[in-house]
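Colleague: below are the sequence and a predicted model; questions follow.
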Amino acid sequence: SSSGNATSAADSACPPRPRIDNRAASRRGRERRARAVIGMSEVRSWRGTTSKVLPTVKTGGPSTCQVQSPINATGTQIQYLSVEKGTLSFASTATALNTTSGGQSNTQLVNVANLATLDFPQDFAAQPSTKFSFGYTSTMSYSRTAGSQQIYRMHSGATATGNLANLGNLTLSGGGTGTKSLSASDSVNVTRALTITNVPTLTLGQSSYVKIVSDASNTGWIGTITGANAISYSGTPAGKFIIQRYVSLANANYRDFTSPIQGTMLWRWQDAGMELAGIPGSLYQNTYVNAFYYDESISGDLDNGWTEATNTTNLVHTMSGGGIQKGGWRIYQGRTSGSFAFTLADEGQIYSGNVTFKPTFTSTGASAVADDGWNFVGNPYAAGLNWKSVYTANVGGVFATDTVSNGMSPAMYVYTPSSAGIDGNGYGAYNAATGTRIGLTDSIIPAYQGFWIKAKNTSTTSYTVTLTESNKYNGAGAFYKADEGP
C-alpha cells in the first residue's frame with residue numbers, strides 16, 4: 001500500500017497481525033518503513049537489549065495492551081505514539097521516552113485519543129522535546145502499586161517551558177502502598193476528572209500545582225479521594241491546587257458563591273475578574289456594597305441576617321468548633337447591558353476527606369420559628385455535592401425523623417436562575433427525605449455554589465452535619481444564577 005494509507009490506518013484490534021514493511025533495507029525500503037504503522041503485538045514481542053526504532057505506533061481495539069519490553073535506548077524506541085482505542089500499559093520498569101541510540105530521535109509526539117488510556121504502572125520519563133496531546137475524555141493513568149511514583153509534567157510545546165498539555169482525565173491509583181508525588185515547580189492541568197484511589201499520600205512539592213480547568217465548554221472536578229493520608233502540601237511556597245470555575249453572566253444579578261479552597265479571601269475572586277464594590281480593597285469605592293454573607297444569630301425578620309462585607313480580606317468561610325459555620329456569599333455581578341464573564345481560580349489546599357458544617361439555631365421567639373435557623377453555607381468540594389447522599393448518611397442523627405421540630409431539615413435551598421421557585425421568590429429546593437423538587441432538577445449542589453440549610457430544633461443551638469468524599473457527585477454541576485437580591 002502507499003505510505004499515505006499506511007500512516008493513516010489504525011490497527012483494528014489488539015493484538016492484531018502487525019503491518020510492517022520487511023523488504024531489503026534499500027533507500028526506498030527504509031523510507032517506507034519510516035512511515036509504517038506498527039501494531040502493538042509487534043512492540044510487545046520485542047524483548048532484550050536490541051535497540052529497535054519504530055517511527056509510528058498506533059493502538060486499536062477496546063482491550064488492554066501491555067508492553068513488556070522497555071521503551072528506551074537499549075530496547076524499543078518509538079518516535080510517534082498514538083493511543084487511539086483501549087488501554088496501552090507499559091509494564092517495564094525502565095520505560096523512558098527520553099533516550100537516543102545510533103543517532104535516532106527520541107519520542108517526538110504522544111497522542112491519547114478520546115476514551116483511550118495511557119497507563120504507567122512503573123516509572124517513566126520524557127525529554128522536554130516530547131510533546132503530548134490528550135482528548136477531553138482520554139485518561140492518563142499512574143498505577144504503580146508499591147513505592148513512590150512521580151507525576152510527570154507534560155507539555156504541548158517543543159520545550160519544557162512550552163504550554164502545559166491539558167490532560168483529560170488524570171487517574172492516580174496506589175494499591176494501598178503506592179504513593180504519588182509532583183516534583184518542585186512542576187505542574188499538571190486536568191480538564192475533566194482527577195481521581196485519587198487508594199493512594200496513601202499525594203505529595204505536591206514546593207511551588208508545584210495541579211490545576212482543575214474550567215472554561216466556556218467544560219468544568220473539571222476532583223472525584224472521590226481515598227487513601228490514608230490523602231494530600232501533603234510541601235515546601236515554601238507550598239505546592240497547591242488551583243480550582244477554576246468559569247462564570248458567564250447574561251445580565252446584572254445576584255449570585256451565591258463559595259470556595260473549594262481553605263482560607264480563601266474575597267480579594268482572590270476580585271483578582272480573577274469578579275467586581276467588588278463599596279469596601280476597602282474593592283475595585284469600586286464610594287458606592288454601595290455588593291457582597292453579603294448571612295448571620296443566623298441576628299434576631300427579628302429573616303432578612304435582618306444579611307450582613308455586608310467589610311474588606312476584601314474577609315474570609316469566604318467562617319469556622320466554628322472545627323467546622324464551617326458560614327460559607328456562602330451573595331454578590332451582585334454583571335452588566336446592565338451585555339454579557340460579562342470571569343474565571344474564578346482559587347488556589348491553596350482543597351477541602352478533602354470529611355468536612356463538617358456547624359449550623360446554628362438562634363431562637364427569637366415562638367412566633368419567629370420560620371425565620372430562625374437559616375444557615376447560608378456552600379459546597380466545599382471541587383466537585384458537585386449530592387445532598388441526597390448527605391441526608392442518607394446522616395438520617396436518624398442530625399436529620400431527625402421528626403422534621404417539623406427536631407434536628408435539621410432534610411431540604412437544601414439554592415438561589416436559582418429563575419424568578420419562580422418557591423412562592424415566586426427565586427429559591428429552588430430539594431427535600432432529600434421525600435425526593436420532592438421545586439425549581440431544581442436533582443439533588444446536586446454544583447462546585448463553587450452557595451446554598452441554604454435550616455436548623456429546626458428550638459431547644460438546640462448548634463448542630464454538626466458531616467460531609468464525606470462519598471457524598472461527591474461525579475461532575476462539577478452547572479452553576480446557578482439568580483435575578484433577585486438580598
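Modeller: Nice, thanks for sending it over.
Colleague: Thr343 reaches Arg245, doesn't it?
Modeller: Yes: with contacts counted by CB atoms under 8 Å, Thr343 reaches Arg245, the gap being 6.9 Å. Every residue, glycine included, has its C-beta placed from N, CA and C.
Colleague: quick one: which of those two has more around it?
Modeller: Summary of the neighbour comparison: Thr343 and Arg245, criterion other CB atoms under 10 Å, with Arg245 having more neighbours (25 against 17).
Colleague: residues contacting the more buried one?
Modeller: Ser214, Thr219, Thr343, Leu344, Ala447, Tyr448, Ala476, Phe479 (CB atoms under 8 Å, 6 or more residues apart in numbering).
Colleague: quick one: it and Ser352, what's the gap?
Modeller: 17 Å (CB to CB, to the nearest Å).
Colleague: cool, and Ala309?
Modeller: The gap separating Ala309 from Ser352 is 27 Å, by CB to CB.
Colleague: by neighbour count, which of the contacts of Arg245 wins?
Modeller: Ranked by the number of neighbours (other CB under 10 Å), those place Ala447 first, at 32 neighbours.
Colleague: all strands for the stretch 301-450 of the chain, in order.
Modeller: Secondary structure of the stretch 301-450 of the chain (DSSP state E, counting those that start in this stretch): strands at 306-308, 318-320, 323-326, 329-333, 340-348, 355-357, 374-378, 385-386, 411-415, 427-431, 437-438, 444-445, 450-454.
Colleague: which residues does Phe90 bridge with?
Modeller: Following DSSP bridges, Phe90 is listed with bridge partners Val67.
Colleague: that one contacts Pro121, correct?
Modeller: Yes: between Phe90 and Pro121 there is a contact under CB under 8 Å: 7.3 Å.
Colleague: neighbour count winner among those two?
Modeller: Phe90 (25 against 21).
Colleague: list the contacts of Thr258.
Modeller: Shown in contact with Thr258 (CB under 8 Å, 6+ apart): Val316, His317, Gly327, Gly328, Trp329, Val377, Gly378, Asn379, Pro380, Tyr448, Gln449, Gly450.
Colleague: try 10 Å
Modeller: Going by CB atoms under 10 Å, 6 or more residues apart in numbering, Thr258 touches 264, 316-317, 324, 326-329, 346, 376-380, 445, 447-451.
Colleague: from Pro280, how far off is the residue nearest to it when sequence neighbours are not counted?
Modeller: Among residues not flanking Thr258 along the chain, Gly378 sits closest, at 2.2 Å (CB to CB, 6 or more residues apart in numbering). Distance of Gly378 to Pro280, given as CB to CB: 23 Å.
Colleague: more neighbours, those two?
Modeller: Comparing Gly378 with Pro280 by other CB under 10 Å, the one with more neighbours is Gly378, at 26 against 10.
Colleague: wait, doesn't the more buried one sit right on Tyr480?
Modeller: No: Gly378 lies out of contact with Tyr480 (CB atoms under 10 Å); the separation is 11.9 Å.
Colleague: what do those two both touch?
Modeller: Asp256, Ile445, Gln449, Gly450, Phe451.
Colleague: who does the first one form a beta bridge with?
Modeller: Spelled out, that is Asp256. Bridge pairing for Asp256 - DSSP bridges - gives Arg330.
Colleague: list the contacts of it.
Modeller: Contacts of Asp256 by CB under 10 Å, 6+ apart are 292, 294, 328-331, 376, 378, 413-416, 448-452, 479-482.
Colleague: now do the same for Ser459: its pLDDT.
Modeller: Ser459 is assigned a pLDDT of 65 by the prediction.
Colleague: again but with Thr416, I slipped
Modeller: Here the pLDDT value assigned to Thr416 is 78.
Colleague: with Ser138 instead?
Modeller: Reported pLDDT for Ser138: 97.
Colleague: about what we covered before: including distance to Leu440 and pLDDT, could the contacts of Arg245 go into JSON lines?
Modeller: Shown next, in JSON lines, are these (distance: CB to CB, whole Å; pLDDT from 0 to 100):
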{"residue": "Ser214", "distance to Leu440": "22", "pLDDT": "97"}
{"residue": "Thr219", "distance to Leu440": "19", "pLDDT": "97"}
{"residue": "Thr343", "distance to Leu440": "25", "pLDDT": "97"}
{"residue": "Leu344", "distance to Leu440": "22", "pLDDT": "98"}
{"residue": "Ala447", "distance to Leu440": "16", "pLDDT": "96"}
{"residue": "Tyr448", "distance to Leu440": "17", "pLDDT": "97"}
{"residue": "Ala476", "distance to Leu440": "16", "pLDDT": "85"}
{"residue": "Phe479", "distance to Leu440": "13", "pLDDT": "80"}
